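> Pasted the sequence and its predicted model underneath.
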Amino acid sequence: MAGGFVVFIALVLFIVAHEAGHYFAAKATGMKVTEFFLGFGPRIWSFKRGETEYGIKPIPFGAYVKVIGMSSIDEVDPEDEHRTYRSKPFWAKSLVVLSGIAANFLIAYLIFFGLALTQGQPVVVDGQLVETTTIGSVVIEDENGDPTTAAELGLEPSDTIIAIDGRSTPEWEDLVGALESRAGDVIDVTVQRGSEELVLSGELGTRVVEGQVRGFLGISPAPLTEQLSVTEAVADAGSQFVE
């Protein structure tokens, strides 16, 4: 439910940004914008500032900006004719049309930049991601449809496994080594969750790898990341944007 709401809000913001691109381009080229609404249908709420009415309508699957004289048959006050879309040169019309797309690209770049600045960049050594014992994701069910050990223990993404049966696991390879030969055994998993240290016990699951039965916890690792400076985040976001 929460994830769906976040996606909906993100979509609404993306639509508003797209229309804002049209709006600012139209204003910058001297066109008259009379309406800027989120949604379609009858007005729910609006206010007028200057010559533009801003508001919300009940069907939230879109938005629109109304520029006077978008077609040759639109009736316009003769005093405003010089401010119509149809009266403007080709470059100005093109700017208004393309500015919505440009706004979407700008938002995409800013998202990449924000992620690069706040989450950092994965560390790659010899072409391979450096994996940590911090959990990236939890497998809920195994190939037989049964709950995995990780799911039964209540392990969560961002938990860091620091020991198995009291044996320290500073690296991902240490964790894999501590689990592989323990298929079906009851194990104690020491987890760092925020500022809290937990010890969770359960029977380790199994899976067959290359004909051998191995222990299966049901997690994937989060990669090691390094924080980026603002300048590095700008460059990293640009690289991801182009890609």
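Cool, the structure landed.
> So which elements touch the lengthiest helix in the chain?
Assignment by DSSP state H gives helix 90-119 as the longest helix of the chain. With contacts taken as 3 or more CB pairs under 8 Å, 6 or more residues apart in numbering; DSSP states H and E, helix 90-119 sits against helix 2-28, helix 230-242. In this view, the C-beta of every residue, glycine as well, is placed from N, C-alpha and C.
> Kindly reformat the ones you listed as JSON lines containing mean pLDDT and mean neighbour count.
Listed next are the helices and strands packed on helix 90-119 as JSON lines, based on pLDDT from 0 to 100; neighbours: other CB atoms under 10 Å:
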{"stretch": "helix 2-28", "mean pLDDT": "88", "mean neighbour count": "15"}
{"stretch": "helix 230-242", "mean pLDDT": "93", "mean neighbour count": "14"}
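> I'd like the ones you listed as a markdown table, with distance to A63 appended.
Shown next, in a markdown table, are the helices and strands packed on helix 90-119 (distance: least, CB to CB, whole Å):
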| stretch | distance to A63 |
| --- | --- |
| helix 2-28 | 5 |
| helix 230-242 | 24 |
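> so which of those comes closest to N144?
Among those, helix 2-28 comes nearest to N144, with 27.3 Å by CB to CB.
> picking that back up, return the set of buried residues in the longest helix of the chain.
Using 16 or more other CB atoms under 10 Å as the test for burial, helix 90-119 gives 92-93, 95-96, 99-100, 103, 107, 109, 112-113, 116-117.
> avg pLDDT for that helix?
In this model, helix 90-119 has a mean pLDDT of 94.
> Just want the angle from that helix to helix 2-28.
140 degrees (axes from the mean of the first three to the mean of the last three CA atoms, to 10 degrees).
> Count the residues that sit near the closest residue to L129 other than its chain neighbours.
Distances taken as CB to CB, 6 or more residues apart in numbering put P223 closest to L129, at 4.5 Å, once the chain neighbours are dropped. As a burial measure, P223 scores 17 neighbours (other CB atoms under 10 Å).
> so what's the backbone phi/psi at the residue sitting furthest away from the middle of the chain?
The outermost residue of the chain relative to its centre, with distances by CA atoms, centre = their mean, is P78 at 47.3 Å. The phi/psi pair for P78 (degrees, to the nearest 10) reads phi -50, psi -30.
> swap in the one 3 residues further on?
As for E81, its main-chain torsions (degrees, to the nearest 10) stand at phi -60, psi -40.
> Wait, it touches S87, no?
Yes - the pair E81 and S87 passes the contact test of CB atoms under 8 Å, sitting 6.0 Å apart.
> Compare the two (neighbour count), which wins?
It is S87, of E81 and S87, that has more neighbours when counted by other CB under 10 Å, with 16 against 12.
> Need the phi and psi values for that one.
phi -90, psi -10.
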